[in-house]
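Visitor: what would the 3D arrangement of this be:
(chains A and B)
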Amino acid sequence: MADDILRIRTPIGIDYTWSSGPGSVGYMRGLENGKLLGRRCPVCELVYFPPRNGVCPRCGVLLADEVEVGPRGTITTFCVVNVPFLGQTIKIPYVAATILLDGADIGMQHLIQECEAADVRMGMRVEPVWRDKSLWTPSLENIMYYKPSDEPDADFDVYARHL
Amino acid sequence: MAPLRLFYPYDRTVGSTVGRFLTSLANKKIEGTRGLDGIVHVPPAEFDPATGAPLTEWVVVGNAGEVLTWSWQPEPFADNTLQQPFAWALIRLDGADTPMLHAVRVGSEKDMASGMRVRAVWADEPTPSITTIMCFEPEHGHG
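Guide: Model (predicted):
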């Protein structure tokens, strides 16, 4: 007799072939080489990272110059995750933060580690911790997480218009 | 172009009703539950569809049954148990009143018909899922 079945694994996967489009090629090639590449709008001059489809959503024009941003950045907002859930791989409490990379004008979400959740604050300066180079793919997952860079906090004015 | 895989590694408890159904399947036995109106539900219903009362009476049904309706799958997906063109069919097992969806292995679409008899083919290794029945096949050989 087979043992009683109490729980099952039901992984669900959807496989896409994703066309990056001209707007994201530079971004992805950059990640493959450990560089964070955004693009600048020629009209409003904001730098988008990631540049997505390569169009400025405010001005409706194609983004132009490729701009290297980061790798360091400033935490603008953050969320402390205290809730355990099935399949959780990170020890709680942990912090998911919006990080404004140096030179970029939109924040991106990433994980904060190597510090107490209670010590994370707006304006905190952080730096990326990269995966081993042999594991790099054209993905932001090349960065495992961000950690404090031990610089002085950024002035509120620096990121005030990016909240 | 790049491959992009959206993946959710779900791991769930199945509860007593589905748990018993899957455990029985692993022992090559198909079981359902009897509703308060006498209808035998396969796969089992945990609660009576009409009144919502918990259903606790279990009924063993046959490994064979009748195809009520079907549709043809000309190109299998990677996770289908059959890696050749096959039919999806609603199969009412002997002793059951409700039909169950499963795959039917036949040579071609021409071999399928509503009302045909099919029998379960068990997987070599039980999986904790409905794919412990790998597929159904026509009861009296192909065609």
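
Visitor: how near is the residue of chain B found nearest chain A to B:V42?
Guide: Sorted by distance to chain A under CB to the nearest CB, the residues of chain B start with B:A26, at 3.6 Å. C-beta: built from backbone N, CA, C; applies to glycine. Counting by CB to CB, to the nearest Å, the separation of B:A26 from B:V42 is 16 Å.

Visitor: what's downstream of the worst-scoring helix or strand of chain B on mean pLDDT, the next helix or strand?
Guide: Lowest by mean pLDDT, DSSP states H and E among the helices and strands of chain B is strand B:2-8, with a mean of 83. As assigned by DSSP states H and E, the chain's next helix or strand after strand B:2-8 is strand B:11-13.

Visitor: in its sheet, what does the helix or strand where B:L90 lies sit against?
Guide: Assigned by DSSP H and E, B:L90 belongs to strand B:86-93. Paired strands of strand B:86-93, with direction, are strand B:64-73 (antiparallel), strand B:100-104 (antiparallel) (DSSP bridges).

Visitor: the helices in chain A, which residues?
Guide: For chain A, applying DSSP state H gives helices covering A:21-32, A:156-159.

Visitor: tell me the most buried of the ones you listed?
Guide: Mean neighbour count, computed with mean count of other CB atoms under 10 Å in any protein chain shown, is highest for helix A:21-32 among these, reaching a mean of 17.

Visitor: and that one with chain B, contact?
Guide: Yes: applying CB under 8 Å from any CB of the partner chain, one finds helix A:21-32 in contact with chain B at A:M28.

Visitor: report the contact partners of A:V83.
Guide: A:I92 (CB atoms under 8 Å, 6 or more residues apart in numbering or on different chains).

Visitor: do B:H140 as well
Guide: Neighbour list for B:H140: B:R117 [criterion: CB under 8 Å, 6+ apart].

Visitor: pLDDT wise, what is it at?
Guide: Per-residue confidence (pLDDT) for B:H140: 76.

Visitor: for it, pull up the helix or strand it's in.
Guide: Assessed by DSSP H and E, B:H140 sits outside every helix and strand.

Visitor: show me the helices in chain B, by range?
Guide: Along chain B, counting by DSSP H, helices occupy B:15-26.

Visitor: so where's it uncertain?
Guide: Low-confidence segments of chain B, defined by pLDDT under 70: B:141-143.

Visitor: closest to the centroid, which residue in it?
Guide: B:H102 (4.4 Å; CA atoms, centre = their mean).

Visitor: enumerate every residue touching that one.
Guide: B:H102 is in contact with B:88-89, B:91, B:130, B:133, B:135-136, counting by CB under 8 Å, 6+ apart.
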